[in-house]
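# Sequence plus the predicted model coming up.
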Amino acid sequence: MKKIKIQNQPFGPFPTMIIGADVNGKPNYVTVGACGVVSLKPVLYVSLKSTHYTTPGVKENGYFSVNIPPISMVEQTDYCGIVSGKTVDKSSLFTPFYDELGRAPMIKECSMNFLCKVIQVIPLFDFEMFLGEIVAVYVNEDCITDGKPNPLKLNPIIMMGASYYSLNEVVGNLFRTGLKLSENK
């Protein structure tokens, strides 16, 4: 198959997350695709523009939440990425909840939530990458199978290019599906 060179920019797929932080005493949220795993330790990263309204809240409080919205929340999720907390109060868009630390708002309507404590900030171009130690994880009870989060039940929004997508099926098992190649050699 012939490869075609395209514009040099991130295209995806990226999991779509809503980042939460208290800003000026109110919950605020921003949608990002720049969020993910850093290592096998319980650490996530999130990259926020330095000019985002949420960024000073993360810095001030030292905590942020990473909320995984299901497909049914695609309108609210996109809206959080369109409007700024500088001009629109997003605090009533979702039902916030806090754990016993009370440091960052998590979104009750989201399938899964991570509370992260900032352990490092890395300036990167016009962004700030926050490395956050996961201090709490919450999952909707109906999204758990055999004691673990079920990705198909979480039904996360996947961002690729200028569109949102959903997961449709399991196509393999981590560290198992590839073993078939070992057996054939």
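Yes, it's here. Just so you know, these numbers come straight off a predicted model, no measurement behind them.

# can we go C-alpha only for contacts and neighbour counts from here?
Will do.

# can you give me the helices in this protein?
Using DSSP state H, the helices of the chain run over 54-61, 74-82, 151-154, 179-183.

# Mean neighbour count, those helices: which tops it?
Scoring those by mean neighbour count under mean count of other CA atoms under 10 Å gives helix 54-61 as the most buried, with a mean of 19.

# Mind giving me the packing neighbours of it?
Using 3 or more CA pairs under 8 Å, 6 or more residues apart in numbering; DSSP states H and E, the elements in contact with helix 54-61 are strand 17-23, strand 26-32.

# okay, the last one in CSV with CA atoms only?
Output for strand 26-32, consisting of C-alpha atoms alone and laid out as CSV, is shown next (Å, rounded to 0.1, in the frame of the first residue of the first chain):
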residue,chain,number,x,y,z
LYS,A,26,-16.2,27.8,41.1
PRO,A,27,-16.0,24.6,39.1
ASN,A,28,-14.7,25.2,35.6
TYR,A,29,-14.1,22.7,32.8
VAL,A,30,-12.2,22.6,29.5
THR,A,31,-12.2,19.8,26.8
VAL,A,32,-8.9,18.4,25.7
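
# list the helices and strands that strand packs on?
Partner elements for strand 26-32 (3+ CA pairs under 8 Å, 6+ apart): strand 17-23, strand 43-49, helix 54-61, helix 74-82.

# Cool, thanks, signing off.
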